[in-house]
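**Q** got a sequence here, can you model it:
(chains A and B, ligands or ions: 4)
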Amino acid sequence: MTPKYESHEYDVLIIGAGGAGLRAAIEALAHGARVAVVCKSLLGKAHTVMAEGGLAAAMGNVDKADDWKTHFRDTMRGGKLLNNWRMAQLHAQEAPDRARELEQWGALFDRTDSGDIMQRAFGGHTYKRLCHVGDRTGLEMIRTLQDRGVQMGFDVFMECTITRLLKDGDRVAGAFGYWRESGRFVIFRAKAIVISTGGIGKCWKITSNSWECTGDGMALAYRAGAELLDMEFVQFHPTGMVWPPGVQGILVTEAVRGEGGILRNKDGERFMQKYDPKRMELSTRDVVARSIYTEVREGRGSPHGGAFLDISHKPAEYVKRKLPSMYHQFKELADVDITKGPMEVGPTCHYVMGGIRVEAETGQSSIAGLFAAGEAAAGLHGANRLGGNSLSDLLVFGRRAGLAAAEHAKKTTAPAVDQGQIDEAERELLAPFERPEGDSPYQIHHDLQETMQTLVGIFRNEDDLKKALAELEGLKERAKRMRVEGSRLFNPGWHLSQDVRNMLIVSEACTHAALARKESRGAHSRLDFPKTEEEWGRKNHVIVDRSGEMTLFEVPRPEIPDELKQLLAEEAVAAK
Amino acid sequence: MAEATMRIFRGEGETGKHVDYVVPLVPGMVVLDAVHSVQAHQAPDLAVRWNCKAGKCGSCSAEVNGRPRLMCKTRMDDLPLDQPVTISPLKTFPLIKDLATDVSWNYRVNKKIPPFQPRPGVEWKMYQRDVDRVQEFRKCIECFLCQDVCHVLRDHGKKDDFGGPRFFVRTASLEMHPLDGADRVPLLKKTLGIGFCNITKCCTEVCPEEIHITDNAIIPLKERVVDEFYDPLAKLWRKIRGAKTA
Ligand SMILES: Cc1cc2nc3c(=O)[nH]c(=O)nc-3n(C[C@H](O)[C@H](O)[C@H](O)COP(=O)(O)OP(=O)(O)OC[C@H]3O[C@@H](n4cnc5c(N)ncnc54)[C@H](O)[C@@H]3O)c2cc1C
Ligand code: SF4
Ligand code: SF4
Ligand code: FES
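**A** Ligands and ions are numbered 1, 2, ... in the order given. Predicted coordinates:
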């Protein structure tokens, strides 16, 4: 390799330092691998830090009747049976151990009277199941994992962006990236790579996601030839802030409803009665989001185009203790005291169920040596994710991917890195500086968000989706001529130019898959195909790059074994 | 349309100056929105850190009109807009570019603190009343505003001898963990130099998480140092009563 670049060699390279990446790193280290973790922000700032409500694990600390079987059933039903059953099973079975492990590493969850981890109710979960710390569970989780990893000795490359995976024939060989601070290039050679880069929310205008959620990992994997799965399924969280404009999209945790919050329209009607009388506010997110959207569309919305969410019937002290950051968020950003009156809320783009297609047990993608976990991977959540099932997903499958990557590294020889691929990655990164004119990445990003927001939102139809594809073509052309100003030193415009390329790939994948699925299921609602069709419940969409063409095909959903089918058919014992 | 002038520091390494940018005001706008507006329309290479835009990640720290704050939690309409809003990078840390500073020193200090070590054979039971005060410390979002404002670091540059308020908070969260068995008191005295703190409380004033850094973390830790080094009887007493609840 040329000495022109800074270069490093590891057994396992982990791209992403959210919950999934950190948990993977810890496991790979525990199995003797040399591990590097790369992330775009400072350590401890990944999107996971924002998670509020809790992590789902059937520990039965509050509702004794809870067990993995009920959690499995809730997850599969929430995902409208499109989930990978094996992932849902492993997740439900292993989540309690993963939660306890966090406690043993120093995490401090809220407690029950008997001194155990406290659990709260959440949409779609039959029992009180979410382990939490007030409304800052993600912070507790990321700090615990980060401290554990640092203590065990992983190398962290913070504020470093990976722009391309390198391959040696059919297997991964490493990754190419740059330091955000200096703009200098860096090459990682690795026997195994885990992608844990999180979601794609920044493709939409109204989103709860941080700037990092630009689908990098999915785009990296796709460009390296890996398969993406279920990309049509994007979750719109029912409750984001809607007013004032500056805060639009910021999440209002589902814990508000978990703690007893009530939704009303402008006439004071508790409208969930019409849409899901049984579960009411604690129905699944897809249902609640569509209900709010429908109320607004039919003229019964709140003044700024949302619904009212009210928790003020609970004692003020209780609200401040259980939902402290919501209390402050509304007080400081919207001049609303949530202990005294309702919040205004509306849907916000929140989570992607789709992602890199992986094997259930190992997180292995369709490329040798390439693994994925967390929001970047697909399968566990099917057509709709239940709240709290992401944090547990990160732990269960982060651990599994880290383990499998370490084992894989033991069995393989050091890969060779190809200079041609490096040169190409470098050219691609520098090209936007060299163009005399062209659109700014900010402008293209803005236009992309408009397209996705208006045409690939909560409700979809064929005309909109086709129009979206046409607009995406135009945006891709403009992106080829994108221009950035300034130097390579900490230059956000340049950084965004890389993110934009990735966002265009995942947006196109999402739109293609949404157009192809001619039914409504979970988070995917087609106005022109409003029914859920049994036929469609038996297949998933895969997207792959075939000689430069984005290609979509159907694969049969893995067949659920009989004993689990039985489980799905049963009713849970009513919560005590 | 109403407008505001943002006077933002631009520069690299040792050099730089404040530059004025006029931005349109939007209801409910926070300072970070105004900076983003400058970035999108006037200065695409303006360096600034942020992640959550909701006061949860501690990335967007800067000095707004001379006061260390989170830009995403500072409302424009709370500032006097008849004059420019001055935004400068944190002074205590070396400048990288514009509003981004090199905070890596903090990560190095953190590494020196022994992690959580459960006492051998503990039963994993904890009660809310015992975890309450530790949970206060664990709210820390590592914005480093307290580090920025503390005069021991800011004016006296004692980065080699002093850990700073953030790491007293962190040490307190471990020392007061109901099940922890490690002893970090010698570390507090020697490596983290807690004696340099003269309880001015400036750190507590800027903490966006409203952690009572001085009263709840630093003062009890100082007492432990005194007990351990100068009053062995008190230390013994603490051990008998159970080190972690004292
Ligand atoms: C406001 C909010 C609240 C939430 N609350 C909950 C909750 O209560 N319960 C729950 O279960 N889920 C919740 N979620 C969802 C959950 O937080 C996320 O799905 C989850 O944290 C994703 O974790 P991750 O490890 O997959 O990725 P992330 O935490 O998103 O981390 C991604 C990492 O990848 C890095 N990265 C990305 N691209 C690159 C690149 N090109 N090069 C190098 N590094 C890269 C990033 O820097 C980052 O470190 C919430 C989400 C939001 C937005
Ligand atoms: S109280 Fe101590 S730590 Fe806090 S700012 Fe003053 S001197 Fe620094
Ligand atoms: S203690 Fe407060 S001010 Fe200091 S880093 Fe933590 S959150 Fe910021
Ligand atoms: S952007 Fe996260 S605290 Fe301001």
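**Q** tell me, how many neighbours does residue 54 end up with?
**A** Here I'm looking at chain A. Number of residues near A:Gly54 (other CB atoms under 10 Å in any protein chain shown) recorded here: 34. C-betas here are computed from N, CA, C, even on glycine.
**Q** not quite, I wanted chain B
**A** Neighbours of B:Ala54 using other CB under 10 Å come to 22.
**Q** so the chain: which segments form each domain?
**A** This is for chain A. Domains of chain A are assigned by automatic domain parsing as A:6-52+A:74-97+A:136-234+A:351-411, A:239-347, A:434-537.
**Q** the intended chain is chain B.
**A** Listed domain ranges for chain B are B:3-101, B:104-241 (source: automatic domain parsing).
**Q** give me whichever of those is most buried.
**A** Stretch with highest mean neighbour count among the domains of chain B: domain B:3-101 (a mean of 20; mean count of other CB atoms under 10 Å in any protein chain shown).
**Q** near ligand 4, anything from it?
**A** Yes: Domain B:3-101 reaches ligand 4 (CB under 6 Å from any ligand atom) through B:50-53, B:55-60, B:70, B:72.
**Q** start and end of that domain, how far apart?
**A** Domain B:3-101 stretches 28 Å from its first residue to its last (CA to CA, to the nearest Å).
**Q** contact partners for the residue nearest to the spatial centre of chain B?
**A** In chain B, the centroid-proximal residue (CA atoms, centre = their mean) is B:Phe144; its distance is 3.0 Å. Contact analysis of B:Phe144 by CB atoms under 8 Å, 6 or more residues apart in numbering or on different chains lists B:58, B:61, B:90, B:93, B:103, B:106, B:166.
**Q** helices - which of the residues you listed land there?
**A** B:106, B:166 (DSSP state H).
**Q** of the contacts of B:Phe144, closest to ligand 1?
**A** Using CB to the nearest ligand atom, B:Gly58 comes nearest to ligand 1 of those, at 14.6 Å.
**Q** low-scoring stretches of the chain, by residue?
**A** By default, I'm working from chain A. Low-confidence segments of chain A (pLDDT under 70): A:1-3, A:572-576.
**Q** try again with chain B
**A** Scanning chain B for pLDDT under 70 picks out the ranges B:1, B:235-246.
**Q** do the one helix or strand B:Cys146 maps to and ligand 4 meet?
**A** Following DSSP states H and E, one finds B:Cys146 within helix B:145-149. No: between helix B:145-149 and ligand 4, judged by CB under 6 Å from any ligand atom, nothing touches; the nearest distance is 10.3 Å.
**Q** close to ligand 3, is that helix?
**A** Yes: looking at helix B:145-149 against ligand 3 by CB under 6 Å from any ligand atom, the contacts come from B:145-146.
**Q** tell me how far the following helix or strand past that helix lies from the chain's centre.
**A** Sequence-wise, the next helix or strand downstream of helix B:145-149 (DSSP H and E) is helix B:151-154. From the chain centre to the centre of helix B:151-154 is a distance of 13 Å (CA atoms, centre = their mean, to the nearest Å).
**Q** one more: stretch A:536-547?
**A** On the basis of CA atoms, centre = their mean, stretch A:536-547 sits 19 Å off its chain's mean C-alpha point.
**Q** can you pull out the strands in chain B?
**A** Taking DSSP state E to define them, one finds strands in chain B at B:3-12, B:15-24, B:61-64, B:67-70, B:85-88, B:95-97, B:100-101.
**Q** to A:Val542, which of those lies closest?
**A** Of all these, it is strand B:100-101 that lies closest to A:Val542, at 40.4 Å by CB to CB.
**Q** and the closest one, how far out from the chain middle?
**A** The answer for strand B:100-101 is 15 Å, by CA atoms, centre = their mean.
**Q** touching chain A at all, that strand?
**A** Yes: applying CB under 8 Å from any CB of the partner chain, one finds strand B:100-101 touching chain A at B:Ala100.
**Q** once you drop chain neighbours, what's closest to residue 61?
**A** No chain specified, so I'll use chain A. Using CB to CB, 6 or more residues apart in numbering or on different chains and skipping residues adjacent in sequence, the residue nearest A:Asn61 is A:Asp116, 4.3 Å away.
**Q** if you could check chain B rather than the one you did, that'd help
**A** Leaving out its chain neighbours, B:Ser61 is closest to B:Cys143 (CB to CB, 6+ apart), at 4.7 Å.
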